[in-house]
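With the input below, show me the fold.
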Amino acid sequence: MDFNDYQKLANRTLYGNEQVLTNCALGLAGETGELIDSIKKYTFHGHDLNKEELVKEMGDVLWYLSQIAEWADIPFEEVAKQNIEKLQRRYPDGFSKEASLNREES
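Prediction:
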């Protein structure tokens, strides 16, 4: 499935009103917090890494991101494409600490 297909299929479950953008932004923050909490429990509390939980929470984050893009009439694939292009400019040889410390902001 490509990003634009995902965006359109996900939009089928969006409950819309005049506050869609705010709802999606707050939902994104909440779901990101749940993802981070799962990672915190693994990293600091001795829990097993729960991959099913990670997939579920990452899916929720992805849903909210796709719907913010949908609201703004931005093809979700464009978000992914521009992010990869930015990373290629910043780190043409892959990530390194040196490249990170000395990169120019664009």
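
What is whatever helix or strand G59 lives in packed up against?
Using DSSP states H and E, G59 falls within helix 51-71. Other helices and strands packing on helix 51-71, by 3 or more C-beta pairs under 8 Å, 6 or more residues apart in numbering; DSSP states H and E, are helix 3-11, helix 20-44, helix 76-90. The C-beta positions use only the backbone N, C-alpha and C, and glycine is treated the same way.

In the shortest one, which residues are buried?
If I follow you right, that is helix 3-11. Buried residues in helix 3-11, counting neighbours by 16 or more other C-beta atoms under 10 Å, are found at F3, Y6, Q7, A10.

Leaving out the residues flanking it, which one is nearest to the third one?
Excluding the flanking residues, the one nearest Q7 by C-beta to C-beta, 6 or more residues apart in numbering is F76, at 3.9 Å.

where's the residue lying closest to A72 once chain neighbours are set aside relative to E85, distance?
Using C-beta to C-beta, 6+ apart and skipping residues adjacent in sequence, the residue nearest A72 is L21, 8.0 Å away. Separation of L21 from E85 (C-beta to C-beta, to the nearest Å): 25 Å.
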